[in-house]
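> curious how this folds, go ahead:
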Amino acid sequence: MTTSKSTSKPTPKPKMRRPGDPSREEALERMLRVDHAGEYGARRIYEGQLAVLGRGPSAPVIRHMWEQEAKHLEHFEKLLPERRVRPTLLQPIWHVAGFALGAATALMGERAAMACTVAVEEVIDEHYAKQVESLAEEPAEAELRATLEEFRADELEHRDTGLAHEAELATGYEPLTQVIKRGSRLAIWLSERI
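Got it, this is the predicted structure:
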């Protein structure tokens, strides 16, 4: 007796909402708010790095990444009012903290600045991947999903650029990137909610 195996994948069960979970509309608002905050913060990190390394050999590379982040930010700055979503109330903090992080790591050297890029972009990659997955069953949000996939590809390019510029050879690479990743995850959590 032969049995045939089904080649179709099982249909994933819809995610069950639990008490306290945000509604679909609230989840989308949080998503847009945090993405705007993240792109704003990333732009400020690169501005801090350019303030220190703007005349060094890595300046064109950092400037290219800054330009991509500025494009992402511009997109979200248009999208927030269209969707009637307010930016995070923490933006003044991210203004200072982003620049300070970029400048501080740049003062530690080009490799440390690139380590900062790697750490931040790895967290953003995870973050965008979860968002893209959450929008998979939202046909009305196909355009937003495609935008997030495009921006995620840029963030992965930034991570790879940091690695290609010897980020892993920065003094204290592991503890430095772990601290930056923790801070980035905290900033995401706070920006979604405040």
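> so Glu29 makes contact with Val85?
Yes. Between Glu29 and Val85 there is a contact at 4.8 Å, judged by Cβ atoms under 8 Å. The C-beta positions use only the backbone N, C-alpha and C, and glycine is treated the same way.
> longest helix in the chain, please.
Once the chain is assigned using DSSP state H, the helix that runs over the most residues is helix 24-53.
> so how far is that helix from its chain's centroid?
Offset of helix 24-53 from its chain centre (Cα atoms, centre = their mean, to the nearest Å): 7 Å.
> for it, packing partners?
With contacts defined as 3 or more Cβ pairs under 8 Å, 6 or more residues apart in numbering; DSSP states H and E, helix 24-53 has these neighbours: helix 59-83, helix 91-107, helix 110-134, helix 173-193.
> for that helix, buried residues please.
Buried residues in helix 24-53, counted by 16 or more other Cβ atoms under 10 Å: 27-50, 52-53.
> now swap in stretch 144-152 and tell me
By 16+ other Cβ under 10 Å, the buried positions in stretch 144-152 come out as Leu144, Arg145, Thr147, Leu148, Phe151, Arg152.
> do the same with stretch 165-184
Under the neighbour-count criterion of 16+ other Cβ under 10 Å, stretch 165-184 has His165, Ala167, Ala170, Tyr173, Leu176, Thr177, Ile180, Lys181, Ser184 buried.
> could you do stretch 65-72 as well?
For stretch 65-72, a neighbour-count test (16+ other Cβ under 10 Å) marks Met65, Trp66, Gln68, Glu69, Ala70, His72 as buried.
> then stretch 78-94?
Buried-residue list, stretch 78-94, by 16+ other Cβ under 10 Å: Leu80, Val85, Pro87, Thr88, Leu90, Gln91, Ile93, Trp94.
> I'd like these as TSV, with distance to Glu137 and pLDDT appended.
Formatted as TSV, the buried residues of stretch 78-94 follow (distance: Cβ to Cβ, whole Å; pLDDT from 0 to 100):
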residue	distance to Glu137	pLDDT
Leu80	24	94
Val85	21	93
Pro87	27	94
Thr88	27	94
Leu90	30	94
Gln91	31	93
Ile93	34	94
Trp94	31	94
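> can you tell me which two in those are farthest apart?
Val85 and Ile93 (18.8 Å; Cβ to Cβ).
> ok so, going back, farthest pair in the buried residues of stretch 144-152?
Farthest pair in these, by Cβ to Cβ: Leu144 and Arg152, 12.3 Å.
> okay, Glu39: pLDDT?
pLDDT for Glu39: 93.
> no, scratch that, I was asking about Pro14
pLDDT for Pro14: 53.
> got it, and Pro139?
84.
> quick check: it vs Val132, distance?
Note on Pro139: its distance to Val132, by Cβ to Cβ, to the nearest Å, is 14 Å.
> just to revisit the earlier point, quick check, nearest of the buried residues of stretch 65-72 to Arg193?
Closest approach to Arg193 among the buried residues of stretch 65-72 (Cβ to Cβ): His72, at 21.4 Å.
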